[in-house]
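Asks: Pasting a predicted model and its sequence here:
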Amino acid sequence: DSGVTQTPKHLITATGQRVTLRCSPRSGDLSVYWYQQSLDQGLQFLIQYYNGEERAKGNILERFSAQQFPDLHSELNLSSLELGDSALYFCASSAPRDHYGYTFGSGTRLTVV
Amino acid sequence: AQSVTQPDIHITVSEGASLELRCNYSYGATPYLFWYVQSPGQGLQLLLKYFSGDTLVQGIKGFEAEFKRSQSSFNLRKPSVHWSDAAEYFCAVGILGQAGTALIFGKGTTLSVSS
């Protein structure tokens, strides 16, 4: 157990639907990062939050959004889902002033049918 | 633009043989470099990282990596591979932006270990 908790582990949904992925960071970590892993694109950085504020944005689609709540858990919202959104979505967290000390969760596997 | 290239998609090594996984990066500034391992159905685990100093970095599970600035490379090595090392390996470069950070990953190298 890495200390980063992601739920659900698996999610199957239909095209056009909306889903929410949840991440609880490791205790004491203030940063949360979201990554998408797909066969064709590999691991792609989506977005970073630090203590509730968006800090860095990567290749995140407009249909996707995220937020970090006061208790530091984060949610990634994916809407108008397409077949190509099927992927593993990873969350990682890091401690204050340890920007690259990532701890990854075990991921949420999203299947869009 | 920053990028990481792992030229080998799949490598098979005999158990007990040595291993070298290649990684080349493109980044304008001094890079922060990482190797991660991912076992099937698992998240990514950090093997080692290079920030500065000694260009030969030791990591967990007997892995090491050497930073070569002239070749823009950060190859991962292990002198004797164990069957449990079979996994996917990712090289990454750390990007420090104006307000945040991110890791840019290579496409990964799948390691198979034969007996």
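Replies: In hand now; what should we look at?

Asks: now the chain, which segments are flagged as low pLDDT?
Replies: Assuming you mean chain A. A:99 (pLDDT under 70).

Asks: Sorry, I should have been clearer: chain B.
Replies: Low-confidence segments of chain B (pLDDT under 70): B:97-100.

Asks: Name the residues of it found near chain A, please.
Replies: B:32, B:34, B:36, B:41-46, B:49, B:51, B:90, B:94, B:96-97, B:99-108 (Cβ under 8 Å from any Cβ of the partner chain). To be clear about C-beta, it is placed using only N, CA and C from the backbone, and glycine gets the same treatment.

Asks: Among the residues you listed, the buried ones, what's the PyMOL command?
Replies: This is how PyMOL selects the buried members of the residues of chain B next to chain A, with burial counted by 16 or more other Cβ atoms under 10 Å in any protein chain shown:
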select buried, chain B and resi 32+34+36+43+44+45+46+49+90+94+100+101+102+103+104+105+106+107+108
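
Asks: from what I can see residue A:87 touches residue A:34, true?
Replies: No - Residue A:87 lies out of contact with residue A:34 (Cβ atoms under 8 Å); the separation is 11.3 Å.

Asks: Can you get me the start-to-end distance on stretch A:54-62?
Replies: End-to-end span of stretch A:54-62 (Cα to Cα, to the nearest Å): 15 Å.

Asks: Could you do stretch B:80-90 as well?
Replies: 19 Å.

Asks: now what about that stretch, what contacts it?
Replies: Residues outside stretch B:80-90 that contact it (Cβ atoms under 8 Å, 6 or more residues apart in numbering or on different chains) are A:43, B:6, B:13-19, B:21, B:35-40, B:44, B:47, B:61-62, B:76, B:78, B:105-106, B:108-113, B:115.

Asks: Narrow the residues you listed to those that are buried.
Replies: Buried among those (16+ other Cβ under 10 Å): A:43, B:6, B:13, B:19, B:21, B:35-38, B:44, B:47, B:76, B:78, B:105-106, B:108-109, B:111, B:113.

Asks: In strands, which of the residues you listed fall?
Replies: A:43, B:13, B:19, B:21, B:35-38, B:44, B:47, B:76, B:78, B:105, B:109, B:111, B:113 (DSSP state E).

Asks: ok, and the closest non-adjacent residue to residue A:30?
Replies: Using Cβ to Cβ, 6 or more residues apart in numbering or on different chains and skipping the chain neighbours, the partner closest in space to residue A:30 is residue A:51 (4.6 Å).

Asks: So the one you found is in contact with residue A:70, correct?
Replies: No - contact criterion Cβ under 8 Å: residue A:51 and residue A:70 do not qualify, at 9.3 Å.

Asks: which of those two has more neighbours?
Replies: residue A:51 (12 against 7; other Cβ atoms under 10 Å in any protein chain shown).

Asks: Please report how far that one lies from residue A:26.
Replies: 14 Å (Cβ to Cβ, to the nearest Å).

Asks: Please give the element, helix or strand, for the residue nearest the centre of chain A.
Replies: With distances taken as Cα atoms, centre = their mean, chain A has residue A:34 as the residue nearest its mean C-alpha position (3.3 Å). Using DSSP states H and E, residue A:34 sits in strand A:31-38.

Asks: Which positions within that strand qualify as buried?
Replies: Those would be A:31, A:32, A:33, A:34, A:35, A:36, A:37, for strand A:31-38 by 16+ other Cβ under 10 Å.

Asks: Tell me which other helices or strands it touches.
Replies: Applying 3 or more Cβ pairs under 8 Å, 6 or more residues apart in numbering or on different chains; DSSP states H and E, we find strand A:31-38 packed against strand A:42-50, strand A:74-78, strand A:87-94, strand B:101-105.
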